[in-house]
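Chemist: build the 3D model from these lines:
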Amino acid sequence: MDVQLQIPDDIARVIQSTHPDLSRAALEALALEGYRSERLSEAQVRRMLGFRTRMQVHAFLKAHNVYLNYSIRELENDLESLKHFEETLTTT
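Modeler: Residues are numbered from 1 along each chain as shown. Predicted coordinates for the structure are as follows:
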């Protein structure tokens, strides 16, 4: 979906002084607010911003001082993946 925003020129210049790509800056701001408010998941932020990995999302969130919404279920999944990875290493 394409969205257009009308921003006064003077305000656009202020934003562009630190974020030359206004479209990307707006998209990132929407993704950050969506994640902070728990309306968007980590996977949705990844897709929205075109990141290939979760680690890219984590780095993006960290750079913007946004803490991960990490559920018990995600922790259990990660622990299971780690256990599987460790088993794979020991059998090779």
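
Chemist: just the C-alphas of the helix or strand harbouring Val57, formatted as PDB.
Modeler: Counting by DSSP states H and E, the element that carries Val57 is helix 54-63. Extracted in PDB, the C-alpha atoms of helix 54-63 (Å, rounded to 0.1, in the frame of the first residue of the first chain):
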ATOM      1  CA  ARG A  54      15.600 -11.100  13.300                       C
ATOM      2  CA  MET A  55      19.000  -9.900  14.200                       C
ATOM      3  CA  GLN A  56      18.600  -6.900  11.900                       C
ATOM      4  CA  VAL A  57      15.300  -6.100  13.600                       C
ATOM      5  CA  HIS A  58      16.900  -6.400  17.000                       C
ATOM      6  CA  ALA A  59      19.700  -4.000  16.000                       C
ATOM      7  CA  PHE A  60      17.200  -1.600  14.600                       C
ATOM      8  CA  LEU A  61      15.100  -1.600  17.800                       C
ATOM      9  CA  LYS A  62      18.200  -1.300  19.900                       C
ATOM     10  CA  ALA A  63      19.500   1.700  17.900                       C
END
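
Chemist: next, name the residue at the spatial heart of this structure.
Modeler: Centrality entry for the chain: nearest residue to the mean C-alpha point is Val57, 3.8 Å, by C-alpha atoms, centre = their mean.

Chemist: so how far is Ile11 from that one?
Modeler: 28 Å (C-beta to C-beta, to the nearest Å). All C-beta atoms are positioned from the backbone trio N, CA, C, and that covers glycine.
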